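S.K.: Predicted model, plus sequence, below.
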Amino acid sequence: MKEALKKSDLRNRIRDIPDFPKEGIIFKDITTLLKDKAAFKKSIDILAKKFRKEDIEYVVGVEARGFIFGAALAYKLGVGFIPVRKKGKLPSKTKSITYELEYGTDSLEIHEDALNPQARVLIVDDLLATGGTIKAVSDLVKNQKAVIAGVAFIVELGFLKGKEKLKDLDVYSVIKY
C-alpha cells in the first residue's frame with residue numbers, strides 16, 4: 001500500500017524553472033504538482049481542512065491557475081465558484097479594477113451580480129508573489145460588500161513581501177519559500 005503524502009512532500013512536487021519568464025527569475029512551476037494526483041488531492045484537502053469551519057459561501061478564483069485550485073476547492077467545500085477574469089472575458093455586466101504591475105498595469109473583472117452583500121468568500125490563487133493581483137481581487141470583492149473569510153495560496157514567495165499588501169486579510173499558504 002502506498003504511503004499517504006504529507007504536507008511537507010508537496011514542496012518536492014513543484015519544479016523550479018530558472019530564468020523564466022526572464023533571466024534571474026526562478027519560476028515555481030505548479031504543473032508538476034497538478035499532474036501528481038496524490039499531491040493535487042493533498043493540496044485541496046489541506047485548504048479544505050483549513051477553511052471548512054469558516055461558513056464559506058463562494059470560492060473566488062483568479063484567472064488562470066486560481067481557477068484550477070479554486071474550482072476543486074469549491075467542489076470539496078460544497079460551495080459556489082466565482083471566476084475573476086482578465087478584462088473583456090466575462091459575458092455579462094462587470095465591475096472592473098485596474099492595478100499596478102512591475103512594468104505597467106492590468107485589469108480584472110467580476111460579474112456585477114456575482115456576490116450578494118455579506119456573502120462569505122474565500123479568494124484562491126496558485127501563488128502569492130508581490131500581492132498586487134490579490135489586493136485588486138479583494139477590492140473587487142469588497143466593492144460588492146461581500147465578506148472575505150480568507151485568502152489561500154498553494155505557494156507563497158515570502159521574500160517578495162506580498163503579504164504586506166494583504167494585512168487586513170487572513171492569508172494562508174500551503175507552501176512557503
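M.R.: Received the coordinates, thanks.
S.K.: Check the gap between the most centrally placed residue in the chain and residue 87 for me.
M.R.: Residue closest to the average C-alpha location in the chain (Cα atoms, centre = their mean): residue 125, at 1.3 Å. Distance, residue 125 to residue 87, by Cβ to Cβ, to the nearest Å: 17 Å. Every C-beta, even on glycine, is put in place using the N, C-alpha and C of the backbone.
S.K.: re the thing from before, in a strand, the residue nearest to the centre of the chain, correct?
M.R.: Yes - counting by DSSP: H, G, I helix; E, B strand; the rest coil, residue 125 is part of a strand.
S.K.: In this structure it contacts residue 65, no?
M.R.: Yes - the pair residue 125 / residue 65 is scored as a contact, 6.9 Å apart, by Cβ atoms under 8 Å.
S.K.: Give me the next element, helix or strand, following the lengthiest helix in the chain.
M.R.: Scanning the chain for the longest helix, with DSSP state H as the assignment, gives helix 37-51. The helix or strand immediately downstream of helix 37-51 is strand 58-62, counting by DSSP states H and E.
S.K.: burial of residue 83, as a residue count?
M.R.: By other Cβ atoms under 10 Å, 20 other residues sit near residue 83.
S.K.: Bridged to it, which residues?
M.R.: residue 61 (DSSP bridges).
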